[in-house]
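Chemist: Predicted model, plus sequence, below.
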Amino acid sequence: MALSGKLTKKLVENLGAGRHRDGNGLYLVVDPSGARRWIVRVVVKGQKNKKGAPLRTDFGLGGADIVTLNQARERALEYRRMAKQELNPRFKARQEVPFEDVAQHVHIDRMPTWKNAKHGAQWINTLRDYAFPKIGRMPVDSIDQPEVLMRLSPIWTEKHETARRLSQRIKIVLDVAKSKGFRSGENPVTAIKDAQVLPKVKAKPKHHMAMRWQFVPDFYANLKAKNAMSAKALMFTCLTGSRTGEVLGLRWAELDFEERLWICPPELMKTGVEHRVPLTDEMLVNIEPLKAMQSEYVFEGQKRHQPLSNMSMLMLLRRMKVEGVTVHGFRSTFRDWASEEANAPRAVAEKSLAHSVGSEVERAYAQSDLLEKRRELMRMWSQFVTSRNK
């Protein structure tokens, strides 16, 4: 049964700055900044302060965004019982906040910063799969190097990229826990890294299997004969040399038909920087009929106003019996053609793929995105790609 007091959930969320009493020594402290935390005041039986008076002590139970009103009341009751048994609760308080609770809060708190919902889900799912089963219910103050190593070591070499991301996310959760007063001392993830406890793993380069550029015109001719939305999206992907996420996330609002430009917003770009893609005649012919659907997205999926799934284009390749080729690989195909056939300057070809060119200093001075030169290169690419359709 829930304990009672003066405060309610609504009051906890809306009370202004100050110290607000719930009863039985429990207070909600609201800072001028709006931050809310729980304080409990107890008198420790049998202990005296420096002046010889009964030892009255205040200590934190955690932020109100993590510790609920009922949880705060239960912990306050537990600490009052400890105080009556001549035990100082101050030395027990930090151990009450589980790692998983802090991780869930960090995830919710950072939701507005994710590029998309998928990235946010991946963040918490990594912890759910590899950290929570063993250390999820452990108090954050008791997690040290052995506990972290217990989670990282089994996958450090076999699933190195996953392990690397897991270590980053555990570090963030423990850093946040320390900032909220739930733990102290050095972050064990940092200590493990500095001591080089785990072996060095040489990253294996990822190669997206690509179609040879000489085969693209015949492939495109076959693709154009199909009416599926996935075929339309794959044609546009091939023509633009864009990433899957950029194409599937394309909204009509990003297209400037007068200037013949697709202005891809930063949140869709891997670099986090806006990218302008020149639109050719073939690109426009490809998407023009799709306006009739009056959808928010250019390439709408099965659900209204939602894009195609990430696997739709790859599955189309498989149905067409195109083996050993990935959707992302068409970027490599375009790059090989630009170098071997079009003799395009490196900077123009790389900018067409939204790659950074040159050193940091060189990029600081090279502000142009070479749009007009890229427009001509994309026109030549479209002409080559569609050469079997004429």
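Modeler: Ah, there it is.
Chemist: State the pLDDT value of the most centrally placed residue in the chain.
Modeler: Centroid check for the chain by C-alpha atoms, centre = their mean gives H119 as the closest residue, at 3.5 Å. Here the pLDDT value assigned to H119 is 75.
Chemist: any idea what it is structurally, helix, strand or coil?
Modeler: helix (DSSP: H, G, I helix; E, B strand; the rest coil).
Chemist: Could you list which residues are in contact with it?
Modeler: H119 makes no contacts at all, as judged by C-beta atoms under 8 Å, 6 or more residues apart in numbering. From N, CA and C alone the C-beta is placed, and that goes for glycine too.
Chemist: Distance check, it against A292.
Modeler: 32 Å (C-beta to C-beta, to the nearest Å).
Chemist: circling back to that earlier point, what about the residue nearest to the centre of the chain, distance to K270?
Modeler: In this view, H119 and K270 are 12 Å apart by C-beta to C-beta.
Chemist: Same question for F330.
Modeler: Separation of F330 from K270 (C-beta to C-beta) stands at 16 Å.
Chemist: Could you do I143 as well?
Modeler: 33 Å.
Chemist: can you name the farthest residue from the center of the chain?
Modeler: Relative to the mean C-alpha coordinate of the chain, counting by C-alpha atoms, centre = their mean, the farthest residue is G52 (54.5 Å).
Chemist: Over to that residue: give its phi and psi.
Modeler: When quoted as degrees, to the nearest 10, the phi and psi of G52 stand at phi 90, psi 0.
Chemist: mind listing the strands for the stretch 251-390 of the chain?
Modeler: Counting by DSSP state E, counting those that start in this stretch, the stretch 251-390 of the chain has strands at residues 255-256, 261-264, 275-278.
Chemist: pLDDT (mean, whole number) over stretch 197-217?
Modeler: Rounded mean pLDDT across stretch 197-217 is 81.
Chemist: er, stretch 313-326 actually
Modeler: 91.
Chemist: Just the endpoints, please. Distance across it?
Modeler: Terminal residues of stretch 313-326 are spaced 9 Å apart (C-alpha to C-alpha, to the nearest Å).
Chemist: Quick one: low-confidence residue ranges for this structure.
Modeler: Applying pLDDT under 70 to the chain flags the ranges 1-2, 47-50, 86-96, 115-118, 181, 203-208, 357-367, 390.
Chemist: can you list the domain ranges for it.
Modeler: Domain assignment for the chain by automatic domain parsing gives 9-93, 100-195, 213-385.
Chemist: out of the strands of the stretch 251-390 of the chain, deepest packed?
Modeler: strand 275-278 (a mean of 20; mean count of other C-beta atoms under 10 Å).
Chemist: export the domains of the chain to TSV and tack on distance to K202?
Modeler: Below are those laid out as TSV (distance: least, C-beta to C-beta, whole Å):
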stretch	distance to K202
domain 9-93	40
domain 100-195	9
domain 213-385	22
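Chemist: can you pull the contacts of the spatially closest residue to N310 that is not a sequence neighbour?
Modeler: Excluding the flanking residues, the one nearest N310 by C-beta to C-beta, 6 or more residues apart in numbering is T244, at 6.3 Å. Contact partners of T244, counting by C-beta under 8 Å, 6+ apart, are T237, N310, M313, V327, H328.
Chemist: So the fourth one is in contact with M315, correct?
Modeler: Going back to what we said before, that points to V327. No - if you go by C-beta atoms under 8 Å, V327 and M315 don't touch, sitting 10.1 Å apart.
Chemist: When those two are compared, which one has more neighbours?
Modeler: Neighbour comparison, V327 and M315: the larger count goes to V327, with 21 against 11 (by other C-beta atoms under 10 Å).
Chemist: mind checking how far the helix of greatest length in the chain is from the chain centre?
Modeler: Using DSSP state H, we find that the single longest helix of the chain is helix 160-179. Centre-to-centre, helix 160-179 and its host chain are 13 Å apart (C-alpha atoms, centre = their mean, to the nearest Å).
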